[in-house]
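>>> Just a sequence and a predicted model for now, questions to come.
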Amino acid sequence: MLFQAVHKTPIGELFLVSDEHILLAAGFRNFKDLFERMDPDDSSREVKSMKKIPIISDLVSDYFSGDLAALGGIKVRQPGADFSQDAWKAMRKIPAGKTWSYADLAERAGSANAVRAAGTACARNLIAPIVPCHRVIKTGGALGNYGYGLEVKEWLLRHEGALK
């Protein structure tokens, strides 16, 4: 059985879907959006709505309360090709308060020439902001895109101290 919960944040509601203590999806839009992008084997399972998901909700609260390392304590799983998996693992190594370019991400995911694929991995990331694609920006410092809107990306980067 999967769990789902809505977490109130300073930038709107964060929708969370987990398999026990493993986060499968998170985002600022709605549950429908998340379930449509999840692995079909997971999205077809029975779902229980909860006020809080044990461990995960507490760590998300800690992050928004200022413990910027808290999201690193959340276990995650999402479907994707090998390079995307490598890119998502690499993203989780970007420290709060820092940013990497798409080229940095491609290199750290094992293929320096795969800059476009790094961007695609960011766009397909199903577990934002826990897998912190918001910390990936364009070479030269422009923020680039963010699936939940540039104002959300800016808020997260400011919260983490990457933007003044």
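Structure's in. What do you need? Numbering: from 1, shown residues only.
>>> where exactly do the strands run in the protein?
Taking DSSP state E as the test, the strands found in the chain are 2-9, 12-19, 22-27, 47-49, 75-76, 100-101, 136-137.
>>> Direction included, what does the first one pair up with?
In this case it means strand 2-9. strand 12-19 (antiparallel), strand 47-49 (parallel) (DSSP bridges).
>>> Residues in contact with it: which ones?
Counting by C-beta atoms under 8 Å, 6 or more residues apart in numbering, strand 2-9 makes contact with 13-20, 24, 31, 42, 45-53, 57, 60-61, 64, all of which sit outside it. (Glycine included, C-beta is placed from N, CA and C.)
>>> Please list only the buried members of the residues you listed.
Neighbour counting with 16 or more other C-beta atoms under 10 Å marks 14, 15, 16, 17, 18, 24, 31, 42, 53, 57, 60, 64 as buried within these.
>>> Leaving out sequence neighbours, find the closest residue to the last one.
Spatially, and ignoring its direct neighbours in sequence, residue 64 is nearest to residue 9 (5.2 Å; C-beta to C-beta, 6 or more residues apart in numbering).
>>> ok, the one you found - how many residues close by?
Here the count is done by other C-beta atoms under 10 Å, and residue 9 has 18 residues near it.
>>> ok, now residue 107?
Using other C-beta under 10 Å, residue 107 has 17 other residues around it.
>>> Great, nothing more from me.
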